[in-house]
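Novice: would you be able to build a 3D model of this:
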Amino acid sequence: MYARADGRSTSISGLRGKTLEWQAMPGLERIAIVGLGLVGGSLALALRRARPEFRLLGVDPDAKTRELALDERAVDHAVTLEDAALANCDLVVLCTPAQPLLEILQEVVSRMRPGALLTDVCGAKERICAEGAAQDRVVFIGGHPMAGTEFRGFVAANPALFAGCTVALCPPVGAADPAARREAIRRVRELWTAAGAGKLLDVEPDAHDRAVTVASHLPYLAAAAVAQTLIESGPDAELARELAAGGFRDTTRLAGDGTVSGAAALNRFVPGAARSLADRLRALAQELEQHPDAALRQLAAVADERRRMRLPAPSAAPAKSRTHLKP
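Specialist: From the prediction side, this is the model:
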């Protein structure tokens, strides 16, 4: 049973003519995805496409989101966290925003089978992994797929979102049983390989957070600052919007992704990096005023270096249609 948007309960059999029971099924991977937004929904769709034998439980507080995920056949069953049979799962993936993820982690752990695998997708790893290490019931492996868009919700989910992306994986913590940890490592790597990841990168939580500060969180803060500057530009705002073109869109695209802010707030390296960026901008402003030729040479050198950078391909755009997943 699951709750409809109108508050009534409806069995899946009422939608598809076949009741799907969520119970232990030997030989089949049973995966719960907690949070069916862009990342969680895309993961469900990717796994459904690549590994149809997996049994997927979708967990989300929003009835409409659950109904959409069922309608797309992204999951076999969709429930709220309170009703989720987590004890029957081999693997649970936390795909909620950063702060709620931190708040529900121990509750999820307490309802899982001892020795099972719990992982996540949060863009900050130190505090999340520390929370995962504060228990010994399950194996926790912090994960972070370097993929996303500025769009939100299951409606933006795309089975190709993780195609070719890099996924950072932290060392296992929690349950200390060596066999359980080996199995957890195998399962989390299989999960992301099936989802389409091109590279699995083993990394310590603090090293991840230092690197992602520059790779993700600082660009987000800079984009938000530029967007806010336009918003607050007073009488010039309307003309600035009229003149905005590809440069503004590309520079501020990240500002539309409000989920990054939650991870950035959990990253202890971000405040110092933001202050350093502010100092760099002040120094550049002074150089432009006092030594413009030198400033332009510096900017040209940065432009040349940026063009030589080898960066991952952009994430897939939201899918217009996923009808290929339906029967």
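
Novice: just checking, residue 244 touches residue 230?
Specialist: Yes. Using CB atoms under 8 Å, residue 244 is in contact with residue 230, at 7.4 Å. For glycine as for every other residue, the C-beta is placed from the backbone atoms N, C-alpha and C.

Novice: domain ranges for the chain?
Specialist: 2-203+315-325, 208-290 (automatic domain parsing).

Novice: okay, those, which one's buried deepest?
Specialist: domain 2-203+315-325 (a mean of 19; mean count of other CB atoms under 10 Å).

Novice: circling back to that earlier point, of all the domains of the chain, which one is nearest residue 303?
Specialist: domain 208-290 (12.9 Å; CB to CB).

Novice: chain center to the closest one, what's the gap?
Specialist: 20 Å (CA atoms, centre = their mean, to the nearest Å).

Novice: again, but for stretch 138-156
Specialist: 2 Å.

Novice: next one: stretch 30-49
Specialist: With CA atoms, centre = their mean, you get 11 Å for stretch 30-49.

Novice: from here on, count from 44
Specialist: All set: I'll call the first residue 44, so the last point we hit is now stretch 73-92.

Novice: start to end distance for that stretch?
Specialist: For stretch 73-92, the first-to-last residue distance is 15 Å (CA to CA, to the nearest Å).

Novice: re earlier: I'd like the domains of the chain laid out as a markdown table, including mean pLDDT and distance to residue 349.
Specialist: Formatted as a markdown table, the domains of the chain follow (pLDDT from 0 to 100; distance: least, CB to CB, whole Å):
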| stretch | mean pLDDT | distance to residue 349 |
| --- | --- | --- |
| domain 45-246+358-368 | 87 | 18 |
| domain 251-333 | 85 | 13 |
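
Novice: roughly how far apart are residue 92 and residue 230?
Specialist: 19 Å (CB to CB, to the nearest Å).

Novice: residue contacts, residue 185?
Specialist: 162, 163, 165, 168, 171, 172, 175, 212, 213, 248, 251 (CB atoms under 8 Å, 6 or more residues apart in numbering).

Novice: and of the domains of the chain, who's closest to residue 352?
Specialist: domain 251-333 (11.5 Å).

Novice: out of the contacts of residue 185, who's nearest residue 339?
Specialist: Using CB to CB, residue 251 comes nearest to residue 339 of those, at 35.8 Å.

Novice: after the strand or helix carrying residue 271, which helix or strand is next?
Specialist: Element membership for residue 271, per DSSP states H and E: helix 261-274. Using DSSP H and E, the next helix or strand after helix 261-274 towards the C-terminus is helix 280-286.

Novice: other SSEs contacting the very next helix or strand once past that following helix?
Specialist: Following helix 280-286 in sequence order, the next helix or strand is helix 289-295 (DSSP H and E). Identification of packing neighbours for helix 289-295 by 3 or more CB pairs under 8 Å, 6 or more residues apart in numbering; DSSP states H and E yields helix 261-274.

Novice: what is the helix it packs on packed up against?
Specialist: Checking 3+ CB pairs under 8 Å, 6+ apart, helix 261-274 ends up next to helix 280-286, helix 289-295, helix 302-309, helix 313-333.
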